[in-house]
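[1] Attaching a predicted model along with its sequence, questions to come.
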Amino acid sequence: MSRVASIALVLAVLAAFLGYAVWTIFLAPSDLPPEGFARGNGRVEADLVDVSTRLAGRVATIAVQEGDLVVAGEALAVMDTAELEAQKTRAEAAVASADAAVAVAVAGVARAEATLALARRELDRAEALMGRDVISQANLDIRRTEVQVAEATLAAARAEARAKERAVDAEAASLHEIEARIADSTLHAPGVGRVLYRLAQPGEVLASGGKVLTLVSLDNVYMEFFLSAGAAARVRLGDEARIVVDVMPAFAIPATVSFVAPQAQFTPKQVETIDERESLMFRIRVRIPQGLVEAHLAQVKTGVRGVGWVRLVGPDGSVPDWPEGLTPPLAVALPAPMTDVGGNGAGTGQ
């Protein structure tokens, strides 16, 4: 081989190598999702719920610690109710007194009814005697006046009895109000969750609305991420989605699209690339099914980073199937117990 041919061959190989390098670095497609799919990075999140007092008072006991798992209706803390118990005793006595007053009023009605009945009989006899000229007109007028007085007395007695009954209702309402305050002094978990913070200790005096605990609610576990306008317009509410968390890359957690922002916004700082931060994006929320969350309550934690995947609606209204081998893979049942997906992100309580 001549020297010229050798140089030409070397230059050709070098050009091919450089061309491949340029294509790989600048022209080769990046790690983009397959056609018909979109993805975004986010974190597993849940709502925070503050367990607060309705009335001012002293904290008597707190039954849970940070990291404890709680269920709906579970008693979490109790406020001191000594003063309310005293008020309840006084209210119960007032109800009993009002009941006794009603009994007296009812007896007064019975006495007035008997008096009226007697006055009417006396009037009947007086009218009969007047017909035989046995008594005077004056005596007859007296009997008629006695009947009228007895009728007025009966009406007054009945009105007084109704007033006493309404007084019983008022006292009973006061008693029920105090009982409601006592019931509100026991703070219950509004739903399934995990204690994130204990914000008060037994013995502390809190104002009305004072926070005792902060819970991570596990009634609504989701991931939020951002998609471009073109992709967000092709996402349907209620469609299937997938979540792949960084600590469990081998499993795809099934989810459902529960929210698509109605307007665009600038993407937040956690979207790392400059190009994406400079564009307007739409916030997407995908929710993990509650049944799956409840099956792994002891392992589910928020703040875990990962990737959310959604399918995009085609021109004909169809969506692609989740193919075998696609990242993420088809959703499968997570192992039990589920690998700890914890982390001290924005809602971890352990």
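    Okay, I see it.

[2] use CA for all of it now, contacts and neighbours both
    Noted.

[3] got the buried residues for stretch 248-266?
    251, 252, 253, 254, 255, 256, 257, 258, 259, 260, 264 (16 or more other CA atoms under 10 Å).

[4] Likewise for stretch 241-249?
    Neighbour-count burial for stretch 241-249 flags 241, 242, 243, 244, 245 (criterion: 16+ other CA under 10 Å).

[5] Tell me what residue 216 is bridged to.
    Beta-bridge partners recorded for residue 216 (DSSP bridges): residue 48, residue 194.

[6] Can you get me a residue count around it?
    By the measure other CA atoms under 10 Å, the count of residues near residue 216 is 29.

[7] one step back: need the buried residues of stretch 241-249 in TSV (columns: distance to residue 116, secondary structure and pLDDT).
    Output for these, formatted as TSV (distance: CA to CA, whole Å; DSSP: H, G, I helix; E, B strand; the rest coil; pLDDT from 0 to 100):
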residue	distance to residue 116	secondary structure	pLDDT
241	83	strand	90
242	85	strand	88
243	85	strand	89
244	88	strand	86
245	88	strand	86
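
[8] which among those residues gets closest to residue 57?
    Distance to residue 57, by CA to CA, is smallest for residue 245 among those, at 43.5 Å.

[9] Would you quantify the distance from the closest residue to that closest one other than its chain neighbours to residue 116?
    Ranked by CA to CA, 6 or more residues apart in numbering and with sequence neighbours excluded, the top spatial neighbour of residue 245 is residue 306, at 3.9 Å. In this view, residue 306 and residue 116 are 88 Å apart by CA to CA, to the nearest Å.

[10] Also residue 301?
    Here residue 301 is placed at a distance of 79 Å from residue 116 (CA to CA).

[11] The two - which one has more neighbours?
    More neighbours surround residue 301 than the other of residue 301 and residue 116, with 27 against 21 (other CA under 10 Å).

[12] sec struct for that one, please.
    State at residue 301, reduced to three classes by DSSP: H, G, I helix; E, B strand; the rest coil: coil.

[13] how about the strands in the stretch 251-350 of the chain?
    For the stretch 251-350 of the chain, the strands defined by DSSP state E, counting those that start in this stretch occupy 253-260, 265-266, 280-287, 305-311.

[14] for this protein, what's the longest helix?
    Using DSSP state H, we find that the single longest helix of the chain is helix 82-131.

[15] ok, how many other residues are close to the closest residue to residue 168 other than its chain neighbours?
    Among residues not flanking residue 168 along the chain, residue 98 sits closest, at 5.1 Å (CA to CA, 6+ apart). The burial count assigned to residue 98 is 21, neighbours taken as other CA under 10 Å.

[16] Residue 286 too?
    28.

[17] ok, now how distant is the closest residue to it other than its chain neighbours from residue 310?
    The shortest distance from residue 286 to any non-neighbouring residue, by CA to CA, 6+ apart, is to residue 257 (4.3 Å). Relative to residue 310, residue 257 is positioned 8 Å away (CA to CA).

[18] just residue 135 next, same as before
    As judged by CA to CA, residue 135 and residue 310 stand 107 Å apart.

[19] go on, residue 260?
    Residue 260 is 12 Å from residue 310, where distance means CA to CA.

[20] any common contacting residues for these two?
    Shared contacts of residue 260 and residue 310 (CA atoms under 8 Å, 6 or more residues apart in numbering): residue 235.

[21] what's the weakest-modelled helix or strand in this protein?
    Lowest by mean pLDDT, DSSP states H and E among the helices and strands of the chain is helix 274-277, with a mean of 52.

[22] picking up where we left off before, contacting residues for the residue nearest to residue 245?
    Applying CA under 8 Å, 6+ apart to residue 306 gives the contacts 41, 42, 43, 44, 243, 244, 245, 246.

[23] what do you get if the cut-off is 10 Å, keeping everything else the same?
    For residue 306, the contacting residues are 40-44, 223, 225, 243-249, by CA atoms under 10 Å, 6 or more residues apart in numbering.
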